[in-house]
Structures are given as C-alpha cells and as structure tokens.
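K.L.:
I'd like to go over a predicted model; first the sequence, then the structure.
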Amino acid sequence: MARRVIRVERLIAVLGAAVVVLGVLLLWLVSRSGGLGGGEPSAADRARAQLREHIGPDAVVRYTETGRRRAVCGYVSTGDQLVVFISRPNRILLETDPLRAEFDEMLGDVCPGFLTRAPGARGGVRP
C-alpha cells in the first residue's frame with residue numbers, strides 16, 4: 001500500500017511541474033507577440049490590405065485619416081491616378097466606383113472633415 005502512495009505523489013509532482021512549464025511557455029508567447037492571435041490589424045493596415053485586394057499590388061496609399069465608426073478615408077495612387085477611398089471593416093469604396101452618390105454620402109458621414117482636392121488636381125475634381 002505504501003508503494004502505491006509513492007507513485008501517486010510522484011505523478012502529482014510531475015503533472016504539477018508540467019503545468020508550471022506550460023504556464024511559463026504560454027506567458028512567454030503572449031508577452032512576445034502581443035497575444036496568441038497577433039491582434040487585429042490597425043485601421044490603416046486593414047485599408048492597405050483591402051486596396052491591394054481590390055485594386056492590385058501596385059496600389060500605394062498616399063494619405064489616410066481616421067474617421068468615425070472604425071472607418072479610414074484617404075488617397076490611393078494607382079499608376080498616374082489619385083483616387084479617394086473609404087475603408088470600412090468589411091467594405092472598401094472608391095470615388096471611381098459607379099455608386100458615386102453612396103460614396104459621397106458615406107464620405108460626409110464617416111469622414112466629415114476629410115481633405116478634398118482642389119479643382120484641377122490630378123485624378124479628377126471633387127465637389
């Protein structure tokens with residue numbers, strides 16, 4: 001009977017040590033990467049990813065401005081054209097899209113103080 005108690009106590013010690021080692025490993029991973037999932041990308045990074053997917057890898061973000069409700073407004077250059085964009089968490093709108101009225105309404109709603117181009121600027125005229 002005494003022999004059985006020794007085995008259980010040894011098992012408890014080994015399992016305790018394993019829990020401590022796993023805890024230290026988990027703490028190290030969390031402190032190193034800022035979290036296990038890496039966290040959510042910033043709004044500007046999200047906009048860049050959406051633009052690369054929508055326009056292509058040659059899209060270069062020239063200016064961004066944080067808007068309301070997790071929106072980002074800014075300018076993207078595609079070749080020789082400068083285009084205004086609005087990035088929402090699940091959607092990207094460009095001023096060149098056919099939904100111009102929706103774009104203008106959303107721009108006024110989520111980025112009311114957004115910089116607009118002066119007439120005659122490259123890429124078109126913003127009212």
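P.N.:
That came through fine.
K.L.:
what's the residue nearest the centre of the chain sitting at in phi/psi?
P.N.:
Taking C-alpha atoms, centre = their mean, the centroid of the chain lies closest to residue 41, which sits 2.9 Å from it. The phi and psi values for residue 41, taken as degrees, to the nearest 10, are phi -70, psi 160.
K.L.:
now the closest residue to it other than its chain neighbours, what's its secondary structure?
P.N.:
Excluding the flanking residues, the one nearest residue 41 by C-beta to C-beta, 6 or more residues apart in numbering is residue 49, at 7.2 Å. From N, CA and C alone the C-beta is placed, and that goes for glycine too. Three-state call for residue 49 (DSSP: H, G, I helix; E, B strand; the rest coil): helix.
K.L.:
What is the neighbour count of residue 49?
P.N.:
13 (other C-beta atoms under 10 Å).
K.L.:
what's the helix or strand for residue 62?
P.N.:
Under the criterion of DSSP states H and E, residue 62 resides in strand 60-66.
K.L.:
tilt between whatever helix or strand comes next after that strand and strand 60-66?
P.N.:
Using DSSP H and E, the next helix or strand after strand 60-66 towards the C-terminus is strand 72-78. Using axes from the mean of the first three to the mean of the last three C-alpha atoms, to 10 degrees, the inter-axis angle of strand 72-78 relative to strand 60-66 is 170 degrees.
K.L.:
Right, I'll leave it there.
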